[in-house]
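J.: Prediction below, plus the sequence it came from.
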Amino acid sequence: MKNNEFNTIIEPSQGIFKEKGSRFIAFSIPVSTEEEIKSTLETMRKKYHDARHICYAYILGEDEKIEHANDDGEPTGTAGKQILKQLQIKELTNILVVVVRYFGGVLLGTGPLSQAYREATNCSLENNKMIKREIQLKCNITFQYEEMNTVMVALKKLQATVISQKIDMECSIIAQFPKRNEEMLFSQFKSIESINIQMIES
């Protein structure tokens, strides 16, 4: 069942960690696209334009995951990589964590600096609620109008949600359904040649 689920957060949260005068303000934000991440980062950079560093890491995707980390001028591996590690340890996805650093005048060294970014990240995650969600797949089903009832009954069994539909002599429905029902999708229609199923990549 684990491969049919993923862990994520449901709302933004914030945490603060202080070390020798430096403040590390961490923000955990639920995201679903790289465009959303880009927009969020632009907003953060404008809002915290007076900060010394704005470091971040994110993981996207429910099955095949995209991971990225950025140190924003901090010593390599002390910031973004440390944030990313915490997300990996907790097996989180569809999440962006941004840590804003205000320098306190004292150089921390790579060890304490890495720890500060880890602690700040964990502070923000502890102030959030992590949940499990089911991985959803999408498909396009094309069929003749007379098969409409058969298709709709099958979609109900699949616990599918209709995203869009075109009803004519030849119909098409784009539907989303839990990954755990993927085998059921094809078994429902395998005996009906006029029904065609095409999976859609998210």
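T.: Nice, I can see it. Residues are numbered from 1 along each chain as shown.

J.: for this structure, which spans come out with low pLDDT?
T.: Where the chain drops to pLDDT under 70, the residues are 1-2, 64, 191, 202.

J.: Just to be sure, Phe17 is in a helix?
T.: No - according to DSSP: H, G, I helix; E, B strand; the rest coil, Phe17 belongs to no helix; its state is strand.

J.: Confirm for me that Leu92 is in contact with Asn128.
T.: No - under the criterion of CB atoms under 8 Å, Leu92 is not in contact with Asn128, lying 9.7 Å apart. For every residue, glycine as well, the C-beta is placed using N, CA and C.

J.: any residues in contact with both of these two?
T.: Listed contacts common to Leu92 and Asn128 are Ile9; contacts here mean CB atoms under 8 Å, 6 or more residues apart in numbering.

J.: Which helix or strand contains Leu108?
T.: Following DSSP states H and E, one finds Leu108 outside all helices and strands.

J.: Quick check on it: phi, psi?
T.: phi -90, psi -30 (degrees, to the nearest 10).

J.: contacting residues for it?
T.: With contact set as CB under 8 Å, 6+ apart, Leu108 has these partners: Glu19, Lys20, Ser22, Ala116.

J.: Keep only those of those residues that are in helices.
T.: Cross-referencing those against helices under DSSP state H gives Ala116.

J.: buried subset of the contacts of Leu108?
T.: Neighbour counting over the contacts of Leu108 (16 or more other CB atoms under 10 Å) leaves Glu19, Ser22, Ala116 as the buried ones.

J.: Quick one: the strands in this protein, in order.
T.: Counting by DSSP state E, the chain has strands at residues 5-9, 13-19, 22-30, 53-60, 66-70, 95-102, 130-134, 136-144, 161-166, 170-178, 196-200.

J.: so which of these is the most packed in?
T.: Among those, ranked by average contacts under mean count of other CB atoms under 10 Å, first place goes to strand 95-102 (a mean of 25).
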